[in-house]
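J.: sharing a model prediction with you, sequence too.
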Amino acid sequence: QIPLDMIDDMPDHPFKVRRDDDMELLIESVREHGVITPIIVRQKEDGRYESAAGHRRRMASKINGLTEIPAEVREMTRDEAIIIMCESNLQRTKILPSEKAFSYRMRLEAMKRQAGRPRKENSVPVGQNFGQTTREAIAENSPDSNTQIQRYIRLTELIPEILRMVDDGRMALTPAVELSYLTKLEQRDLLETMESEDCTPSLSQAIQMKRLSQAGELDIDRIFDILREPKANQIDKISFRTEDLRKFFPKSYSAARIHEHILKLLEVDFRKRQRSREER
């Protein structure tokens with residue numbers, strides 16, 4: 001049992017504690033049963049403790065007025081604690097893209113630092129292992145593929161305001177990855193233009209900006225021109241449900257034949273209206 005006020009957060013901890021439904025359930029569980037699974041901590045040089053896994057359980061304990069929490073104290077380095085923190089939190093059901101992004105980057109950097117250190121006896125090698133890259137090693141125990149992990153890590157190059165748009169669902173992951181290659185100044189210009197035009201770039205527009213940025217030809221005027229281009233999904237479309245049309249055609253008609261027939265009927269109607277206007 002360790003006093004809660006003796007436990008510090010890990011610096012740059014990427015995972016946020018949100019009062020969502022899952023958190024409310026955890027708070028209720030701690031209120032009724034206490035903390036069943038001990039958190040994992042490491043003891044620091046100053047005698048205090050640093051949390052590696054269990055920051056949501058700590059918060060639930062504080063909310064319920066508890067002063068102590070059951071903890072497993074492990075002898076480990078900061079990098080080992082980072083790896084445990086990332087592995088434990090990636091099992092959660094709701095994770096923001098930014099949380100994944102910084103978690104994967106922290107874990108990648110920690111594993112690379114570990115790979116460069118002399119290993120303790122009987123320890124398991126991490127990082128480059130039988131030709132395996134560090135990202136591939138992470139992917140083995142993660143819900144995302146090696147390529148997807150790389151995409152998430154790219155998000156850490158976004159300015160906070162644009163990254164927040166990805167978290168809020170206002171911008172899709174794929175165009176955001178392309179925009180991460182823009183310089184910070186270019187991203188600021190993009191943010192200003194998105195706010196003034198009340199829009200976000202499509203994937204093709206993001207790729208176009210990335211290409212211009214790499215060529216040193218992207219400025220706020222080019223960004224404005226690109227964002228003003230009509231997106232494919234903004235072009236007006238007229239669609240019909242198949243079941244609404246079937247009743248007007250024989251059952252033997254295929255969708256292609258129905259389409260062809262409708263165009264012919266429209267053509268006949270158009271010519272009739274033309275003749276009517278000419279007769280006037």
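T.: Done, it's in.

J.: tally of neighbours for residue 275?
T.: Here the count is done by other CB atoms under 10 Å, and residue 275 has 10 residues near it. In short, each C-beta sits where N, CA and C put it, glycine included.

J.: part of a helix, is it?
T.: Yes: with DSSP: H, G, I helix; E, B strand; the rest coil as the criterion, residue 275 is assigned to a helix.

J.: do you have the helices of the protein handy? List them.
T.: Residue ranges of the helices in the chain, as given by DSSP state H, are 21-33, 55-63, 78-89, 97-115, 134-140, 146-154, 160-167, 173-179, 184-197, 203-214, 220-228, 242-246, 255-279.

J.: relative to residue 47, which of those is closest?
T.: Shortest distance between residue 47 and those, using CB to CB, is found for helix 78-89: 16.0 Å.

J.: run the chain-centre distance for that closest one.
T.: Computed by CA atoms, centre = their mean, to the nearest Å, the separation of helix 78-89 from the middle of its chain amounts to 19 Å.

J.: and it, what does it pack against?
T.: Judged by 3 or more CB pairs under 8 Å, 6 or more residues apart in numbering; DSSP states H and E, helix 78-89 is in contact with strand 39-43, strand 49-53, helix 97-115.

J.: pLDDT averaged over it - what is it?
T.: Summarised as a single mean, pLDDT over helix 78-89 is 79.

J.: how near is residue 276 to residue 36?
T.: Between residue 276 and residue 36 the computed distance is 81 Å (CB to CB, to the nearest Å).

J.: kindly report the same for residue 85.
T.: Noted for residue 85: a distance of 20 Å to residue 36, by CB to CB.

J.: more neighbours, those two?
T.: Between residue 85 and residue 36, counted using other CB under 10 Å, the more crowded position is residue 85 (25 against 9).

J.: do I have it right that that one meets residue 56?
T.: No: proximity of residue 85 to residue 56 does not meet the contact threshold set by CB atoms under 8 Å, at 11.8 Å.
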